[in-house]
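*Asks:* What follows is a predicted protein model with its sequence.
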Amino acid sequence: MHAVVKSISSDESDIAKFLPEDMACFSLSLRVRIGSDETSGADDFELCVCTPEWLRKTVWEPRWGRHLLIVREYDLSAIEQCIRDYVAGCHGSNWSEIAGKLARVFGWEFEDYQG
């Protein structure tokens, strides 16, 4: 079983039209819908994409960097390819195993869920 990106979007803006004021200093939250190659369903995963310059200007105190993709500048196709490459490398015998690998870099909607 393999993970597949079903869609990439943002709750903040239409990423197809999004263009930051400064290509080298921006932050954008993404919602990545990822599912199994064997089903049509998907789970939501969150990711913050930003540049080192944005971090330098906005982060003053120590902070953990989980669920964060740092890029040099805004290039949507490169960002999407980086996401797709990571997801394509995630496989396992069941969805739970795959989702655990995805949750290493993305914020999973069911992370820490005690069902």
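*Replies:* Nice, I can see it.

*Asks:* CA atoms for contacts and neighbours, from now on please.
*Replies:* OK.

*Asks:* what sits opposite the residue sitting nearest the centre point of the chain in the beta ladder?
*Replies:* By Cα atoms, centre = their mean, the mean C-alpha position of the chain lies nearest to residue 47, the distance being 3.4 Å. Bridge pairing for residue 47 (DSSP bridges) gives the partners residue 30.

*Asks:* Surely it and residue 31 touch.
*Replies:* Yes. Here residue 47 reaches residue 31: they are 6.6 Å apart, a contact under Cα atoms under 8 Å.

*Asks:* Leaving out the residues flanking it, which one is nearest to residue 9?
*Replies:* residue 31 (5.2 Å; Cα to Cα, 6 or more residues apart in numbering).

*Asks:* Walking through this protein, point out its helices one by one.
*Replies:* Ranges of helices in the chain, per DSSP state H, are 52-58, 76-88, 95-102.

*Asks:* Roughly how far does the residue nearest to the centre of the chain sit from residue 54?
*Replies:* Residue 47 sits 15 Å away from residue 54, going by Cα to Cα, to the nearest Å.

*Asks:* low pLDDT regions in this structure?
*Replies:* Counting by pLDDT under 70, the ranges of the chain that qualify are 112-115.

*Asks:* quick revisit: need the contact list for the residue nearest to the centre of the chain.
*Replies:* Shown in contact with residue 47 (Cα atoms under 8 Å, 6 or more residues apart in numbering): 29-32, 67-69, 105-107.

*Asks:* again, but for residue 110
*Replies:* Shown in contact with residue 110 (Cα under 8 Å, 6+ apart): no residues.

*Asks:* Torsion angles phi and psi at it?
*Replies:* phi -110, psi 10 (degrees, to the nearest 10).

*Asks:* what's the distance between it and residue 51?
*Replies:* Going from residue 110 to residue 51 by Cα to Cα gives 27 Å.

*Asks:* Also residue 28?
*Replies:* 10 Å.

*Asks:* And residue 23, by the same measure?
*Replies:* Using Cα to Cα, residue 23 is found at 9 Å from residue 51.

*Asks:* tell me, what's touching these two both at once?
*Replies:* Common neighbours of residue 23 and residue 51 (criterion: Cα under 8 Å, 6+ apart): residue 73.
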